[in-house]
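pasting the structure only:
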């Protein structure tokens with residue numbers, strides 16, 4: 001590989017054919033640059049001390065794309081991840097995983113808006129099934145499953161107080177009239 005630039009603009013060619021063209025500081029990628037992996041993945045954005053660090057966009061060969069904040073080569077902070085199937089997550093990341101508040105719009109039109117933990121729906125959140133006004137659930141989640149108390153609303157307006165345990169409905173009570181607030 002070649003590493004000829006100590007500071008300023010330069011080009012780095014890795015042994016596997018990956019390249020970096022951008023700013024260097026003390027021989028490390030630092031500042032704005034473009035890194036192209038030999039497999040076709042591309043990152044364009046900020047670097048610090050050899051890491052993707054700051055704001056940047058990484059486009060994967062499979063069509064996935066992340067635009068947002070990076071810290072030590074991981075998605076970290078606010079960002080938008082677009083999946084190759086058209087699904088989009090817009091929210092917070094911690095060390096490369098969805099964590100904190102975020103909205104996930106699936107390709108089928110379903111939407112989850114709420115809390116995330118370790119790349120799973122976890123905490124308080126609302127899920128609307130499909131793009132055609134399907135049923136919705138608003139309540140507690142644990143590891144991508146409804147867990148705890150919530151409100152399930154059907155398209156006809158009927159509403160139910162529900163209790164779930166790890167995705168299994170334990171109790172469902174109909175609200176008379178179907179339109180009580182919750």
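Looks like it came in fine. Remember, it's a predicted structure, so these values are computed and weren't measured experimentally. Residues are numbered from 1 along each chain as shown.

What pairs with the helix or strand hosting residue 78, parallel or antiparallel?
Using DSSP states H and E, residue 78 maps to strand 74-82. Applying DSSP bridges, strand 74-82 is found paired with strand 65-71 (antiparallel), strand 88-94 (antiparallel).

ok, and what's touching the first one?
Going back to what we said before, that points to strand 65-71. Strand 65-71 is contacted by residues 45-46, 51-59, 75-82, 93, 95 when judged by C-beta atoms under 8 Å, 6 or more residues apart in numbering. C-betas here are computed from N, CA, C, even on glycine.

follow-up on the earlier one: report the buried residues of the strand holding residue 78.
By neighbour count with 16 or more other C-beta atoms under 10 Å, strand 74-82 contains the buried residues 74-76, 78-79, 81-82.

ok, now stretch 140-151?
For stretch 140-151, a neighbour-count test (16+ other C-beta under 10 Å) marks 140-142, 146-147, 150-151 as buried.

go on, stretch 118-136?
Here stretch 118-136 shows 120-122, 125-129, 136 as buried, counting by 16+ other C-beta under 10 Å.

All set, thanks.
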